[in-house]
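Student: sharing a model that was predicted from the sequence below.
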Amino acid sequence: MDSLEAQSAGLAAAEVSSVELVDAALARIEAADATLNAVVGVRGDAARAEAAAADARRSAGDRRSPLDGVPLLLKDNMVQQGEPTTCSSRILEGFVSPYDSTVVTRLREAGAIVLGRSNMDEFAMGSSTEHSVHGPAHNPWDTGRSCGGSSGGSAAAVSSGMLPFALGSDTGGSIRQPASFCGVTGLKPTYGRVSRFGLVAFASSLDQIGPIARTARECAWILDAIAGHDAKDSTSIPEPAPRVSDALDGDVSGLTIGMPREYFEEDGADPEVVSCVRAAISELERGGAKLIEVDLPHTPFVVSTYYLVATAEASSNLARYDGARYGRRAEGVSDVDEMYRRSRSEGFGDEVKRRILLGTYVLSAGYFDAYYRKAQQVRTLVRADFERAFAQCDVIAGPTYPEVAFELGSKQDDPINMYLSDVYTVSANLAGLPAISIPCGLVRDLPVGLQLQGRAMDEATLLRVADGFQGRTDHHDQRPPGHLGQAAR
Amino acid sequence: MSVDPMERYEAVIGLEVHTHLKTRSKLFSPAPVRYGDEPNHNVHPIDLGMPGVLPVLNEKVVGLAIRLGLATHSRVNQRSVFSRKNYFYPDLPKGYQISQYDEPIVSKGWIEIEVPTDSGQPAAGEKKRGETPKERRRIGITRAHLEEDAGKSIHDAAVAGADDTHIDLNRAGVPLLEIVSEPEMRSPEEASAYLRALRSILRYIDVSDADMEKGQFRCDANISLRRRGESRLGTRTEIKNLNSFASVEGAIKAEIVRQAEILDDGGEILQATMAYDPQRGRTRILRLKENADDYRYFDDPDLIPLIIQDEEIEAVRADMPELPDEKRVRFQDEYGLSAYDVGVLISSRPLAEFFEQTATACGSAKSAVNWITRDLMKELNERGVDVGELAITPEMLGALIRLVDEGRLTARSARDLFPELAEQGGDPEAIMRVRGLEAVSDPGVIDGSVEEVVGANAKAVESVRAGDDKALNFLMGQVMKATQGKADPTDVRRRLVERIRG
């Protein structure tokens, strides 16, 4: 009973209580997290009290949503009033938020129980959850390997069955890539679909919150709870969000699936991963979907474009961590410049420093036009690529990541190589499109993710295809082997 | 060499004015805008730059910026963009200020200022005393953009301890318009005239209280010198944070002297940011622009472009109050007032409105303007208050003037009564009655007094007969005294002359 669907059904049938689910989740965290390090904080007593209240409310006939009474983890970059938020950074040591993020408010309204916070790469910068003040998180399928990142803790926790679902944030693939590595389903909604208010910003024009769960149907339920316009976020989509869970009919016939030539010619990709993904797409064809080839000609430029935009915005977004008002301030400083220099030098890790430096450079006088402005122009071209492609097809399919989970520590010395692997995921962020990663098989006993990208605002079609695929396959039911997988059952 | 550097050099002056917008809440947060509160009380997580917060534009400022645009004959841009100006300072919580950079909300306009005709020119011989011919000149407005104010750093040892700095973020996020002029002023006096005109407009259109003491209206001045006849601009310096008209004039004067001395010695002006010390009347270099700050401006990805529809501009236009210049023209045409009187009346919108309402109440613009420029202004200046702070209303003053114009109250009694009416208000007619100040107009009563006075002052009467007007004045005084000042002096004089000279 580790899936959201199972727990939700159990609660609805009064076979299990929310308090029991919370206690079971706490027990599994206790059992597995010493190995996985996916969880960085739990609020056991508060969660148990909320669960008891949810039980009382539901037994009085007030069930608010399929999430009502179900525990979850928040990636540790979404704030909750009265709780710490670390972003896996030393610099936020001691910080306790004075306010709730909009997603937390909406999850509460839906009756869900925030049980704790999940491990991540510092300020969401990374693809491995190794850049964390809490230490690296591990992949439940092979604890010597990375669970991906930056929402690695969320994906590992769901994969190992600690909790039925978690929220992640995705700036360049940070929901989809860890979902792919851990064999779970992760959705990045359209930019602006879910409010960013209370999400600690990495790159504001790219950041988007989304769900990680076992199935597309579960992701649809979660999206229904958290999506929709928020007056506190000027970039949130003004139109009301449609209920996407209503769109899932298990049928993919009549839909056209676009396969970008560029995604399947990629030199650096693991051939076994590519053939696994091809096989998965063929399954959609067997379900009645039509496959066509499409072109995304600016694909070779998306990684550099992404790293210019993302680092530029990050260099400005992270300027507030200066030791002056909250978080960690270096001790024994003699003037304000030293306070800034030492607080930031001591507070940020190497990857964050690397990106702040890069972003500062990109925005500097004399370089702005050559880098930042140029990147914005390429971004427009990337968006146009997708508009042309979506004139021919309903969703675009391909690999989520060029390889399966890599070994911890294996990429630490080569950040550029790590960046280049983001080639399939960053486009959706640059273009603001919804995208999902779903498990589509194993390569060398490790999960592979199939990525589907959809039209802006059209999560419904995206989820319909993903749900249709999961109706025809059981990759999403695969559990990690060994005691971590056992603990999950 | 001549003492006045303005004889050799022409000053080129441009001003940047930061004015607080009159809103209840901040530019991007719901925290209140209030002055004089305890430090760090008017703050929201957004103002503190807490992790995860996002700015939301206070829509009220858009209408205010449009007003300023219309009042300065500027273009209100259909699209403007908020940008981030990145720099580290402890009173700047986010590490960047949200401002507008290459796409401001308002651009390309002008306002008119009134300056002496020869302003900015070398002194051309001796001027006749008391004669200052004035002319009206346009000063271009380059742009006006919206931005948030920063907080305050408090270095005061009494508050913060000798080595510490305290931060007050009440002001952080208060909405500002930065209004940038073209470098079209040529003297400290012109700069000051521009500031006064701009402040008057801001107050007229209710966009800002522009109270300099509260830091709601601050000015940076850019100054360069060039030899007279030269068309190329010299290197400019910028004097920061000028918070009074006196300091603006003083700072510009001092900077002109400083630059002229350097140029006279064959030196070079360095591009620099200056500070003005009003005690010593000197400017000094704060920092050179060589190591110019790179603010790394880029569009704020947390905000969307601000789009203003024509209908919105037209709605603001329909709701615009009359501007000072429009009032000036109308007052001259409609009421036939002198330029001087109009200048006094339009100096503030409440005063101009007080005048018009008084004129309506008493039916005579001429009487209203006399009472206001003479008696009311005297009260305002003596008390150092604005017209709204006095108890007297236009209706009261109008009633008082009517009593005088109808001959029911002598001008003298009315003027004696005025300070009390100004302070406490009341119905002039009722006060007149209660005090028994009603003018004596009964010929029998006046003639009776005349008869009495003539009878008792034979010697003076003789002198009057001999043509001595001093004696006549003495007798008049006696009659006025006998009627307790309530008789019309002209009437008394006529009757005395008739009685004595027959």
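Tutor: Sure, I can see it.

Student: only C-alpha atoms for contact and neighbour calcs from this point on.
Tutor: OK.

Student: helices of the stretch 1-150 of chain B, start to end?
Tutor: Applying DSSP state H, counting those that start in this stretch to the stretch 1-150 of chain B gives helices spanning B:60-71.

Student: residues from it in reach of chain A?
Tutor: Taking CA under 8 Å from any CA of the partner chain as the criterion, the stretch 1-150 of chain B approaches chain A at residues B:45, B:48-56, B:86, B:88, B:90, B:93-96.

Student: can I get the buried part of these as one PyMOL selection?
Tutor: This is how PyMOL selects the buried members of the residues of the stretch 1-150 of chain B next to chain A, with burial counted by 16 or more other CA atoms under 10 Å in any protein chain shown:
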select buried, chain B and resi 45+48+49+50+51+52+53+54+55+56+86+88+90+93+94+95+96
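
Student: which of the residues of the stretch 1-150 of chain B next to chain A fall in strands?
Tutor: When DSSP state E is applied, those are split such that B:Asn86, B:Tyr96 fall in strands.

Student: can you give me the helices in the stretch 401-502 of chain B?
Tutor: Per DSSP H, counting those that start in this stretch, the stretch 401-502 of chain B carries helices over the ranges B:411-424, B:428-435, B:443-456, B:458-465, B:469-482, B:489-501.

Student: try the stretch 251-400 of chain A
Tutor: Here the stretch 251-400 of chain A has its helices, by DSSP H, counting those that start in this stretch, at A:261-264, A:271-286, A:302-317, A:336-347, A:350-363, A:374-390.

Student: using CSV, lay out those together with mean neighbour count, mean pLDDT and distance to chain B.
Tutor: Formatted as CSV, the helices of the stretch 251-400 of chain A follow (neighbours: other CA atoms under 10 Å in any protein chain shown; pLDDT from 0 to 100; distance: least, CA to the nearest CA, whole Å):
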stretch, mean neighbour count, mean pLDDT, distance to chain B
helix A:261-264, 18, 94, 29
helix A:271-286, 19, 97, 35
helix A:302-317, 24, 98, 7
helix A:336-347, 18, 96, 8
helix A:350-363, 20, 97, 5
helix A:374-390, 18, 98, 11
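
Student: in chain B, where is pLDDT below threshold?
Tutor: Along chain B, the parts satisfying pLDDT under 70 run over B:1-2, B:118-132, B:159-162, B:290-292.

Student: what is the longest helix of the chain by residue count?
Tutor: Here I'm looking at chain A. Across chain A, the helix with the greatest residue count (assigned by DSSP state H) is helix A:18-36.

Student: actually, chain B is the one I wanted.
Tutor: helix B:245-264.

Student: give me every residue in chain A lying close to chain B.
Tutor: Proximity of chain A to chain B is assessed by CA under 8 Å from any CA, with A:78-79, A:97-99, A:101, A:196-201, A:204-205, A:231-235, A:313, A:316-317, A:319-320, A:324-325, A:336, A:360, A:363-365 identified as the residues in range.

Student: now, of the residues you listed, which are buried?
Tutor: Buried, going by 16+ other CA under 10 Å: A:78-79, A:97, A:99, A:101, A:196-201, A:204-205, A:232-235, A:313, A:316-317, A:319-320, A:324-325, A:336, A:360, A:363-364, out of the residues of chain A next to chain B.

Student: just the helices in the stretch 101-250 of chain A please.
Tutor: Residue ranges of the helices in the stretch 101-250 of chain A, as given by DSSP H, counting those that start in this stretch, are A:102-109, A:152-159, A:176-182, A:216-226.

Student: just give the closest residue to A:Tyr367, not the sequence neighbours.
Tutor: Here the nearest residue to A:Tyr367 in space, its sequence neighbours aside, is A:Tyr361; by CA to CA, 6 or more residues apart in numbering or on different chains that works out to 7.2 Å.

Student: quick revisit: put together TSV for the helices of the stretch 101-250 of chain A, with mean neighbour count and distance to A:Asp55 on each row.
Tutor: TSV is the format used below for those (neighbours: other CA atoms under 10 Å in any protein chain shown; distance: least, CA to CA, whole Å):
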stretch	mean neighbour count	distance to A:Asp55
helix A:102-109	19	14
helix A:152-159	36	23
helix A:176-182	35	30
helix A:216-226	25	19
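
Student: and the ones you listed as CSV, adding distance to B:Leu270 and mean pLDDT?
Tutor: Written out in CSV, the entries for the helices of the stretch 101-250 of chain A read as follows (distance: least, CA to CA, whole Å; pLDDT from 0 to 100):
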stretch, distance to B:Leu270, mean pLDDT
helix A:102-109, 51, 98
helix A:152-159, 55, 98
helix A:176-182, 55, 98
helix A:216-226, 57, 98
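
Student: among those, which comes closest to B:Lys253?
Tutor: The closest approach between B:Lys253 and any of the helices of the stretch 101-250 of chain A, judged by CA to CA, belongs to helix A:102-109 at 54.9 Å.

Student: chain center to the closest one, what's the gap?
Tutor: 17 Å (CA atoms, centre = their mean, to the nearest Å).

Student: look up how far A:Gly323 lies from the residue nearest to A:Thr360 when sequence neighbours are not counted.
Tutor: Counting by CA to CA, 6+ apart, the nearest residue to A:Thr360 once its immediate chain neighbours are dropped is A:Ser315, at 5.7 Å. Between A:Ser315 and A:Gly323 the computed distance is 16 Å (CA to CA, to the nearest Å).

Student: again, but for A:Thr360
Tutor: In this structure, A:Thr360 and A:Gly323 are separated by 19 Å, where distance is defined by CA to CA.

Student: cool, thanks, talk later.
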